[in-house]
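In: Could you work out the structure for the sequence below:
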Amino acid sequence: MPADCFVDTNILIYALDNDGGVKHVRARELVLKFWEANSWPWISVQVLQEMHMNLERNGLGRKEVTNIIHDYFAWNVVDNNLSLFRMGLIEQERWKLSLWDSMILAAARKAGVSRLYTEDLNNGQDYGGIVAVNPFVVH
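Out: Have a look, this model is predicted:
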């Protein structure tokens, strides 16, 4: 059964970044919780592409990066297509976000989730039924 959430790229990157301090610890705990529960959250092809680019830029070899990305194929993945791009443009206009954040929000909406784990949107803000959750914010 899919988890009722979508995970943005930055969370996955911090989960792998041993030099990320508190962000690494919190992201790793969250990601491990999903893996251990066999309750796969949603991600998108965009998340996988951004993750690939960032991991390579941070010095990991292509083979290692490809292996990491392949692991995430097990999660629920929203494909990029023209319909999603149209949705992203609507989200961009409605919420006045960057195109990339709008595409993440559109993918989360297409997945039908109620929570979006990200540090890029306003923590706690309800984006038309999807609440942004920043796991790095201390309550």
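In: Read off the pLDDT value for Asn38.
Out: pLDDT recorded at Asn38 is 83.
In: now swap in Met1 and tell me
Out: Predicted confidence (pLDDT) for Met1: 64.
In: wait, isn't Val47 in contact with Ile11?
Out: No: assessed by Cβ atoms under 8 Å, Val47 is found out of contact with Ile11, at 9.3 Å. To be clear about C-beta, it is placed using only N, CA and C from the backbone, and glycine gets the same treatment.
In: list the residues that contact both of the two?
Out: The contact sets of Val47 and Ile11 do not overlap (Cβ atoms under 8 Å, 6 or more residues apart in numbering).
In: Contacts only, for Trp100.
Out: Trp100 sits next to Gln46, Glu50 when contact means Cβ under 8 Å, 6+ apart.
In: Can you list phi and psi of it for me?
Out: phi -70, psi -40 (degrees, to the nearest 10).
In: ranges for the strands of this protein?
Out: Ranges of strands in the chain, per DSSP state E, are 5-7, 42-44, 76-78, 115-117, 131-133.
In: elements contacting the fourth one?
Out: Contacts defined by 3 or more Cβ pairs under 8 Å, 6 or more residues apart in numbering; DSSP states H and E place strand 115-117 against strand 5-7, helix 99-111, strand 131-133.
In: Thanks again, I'm all set now.
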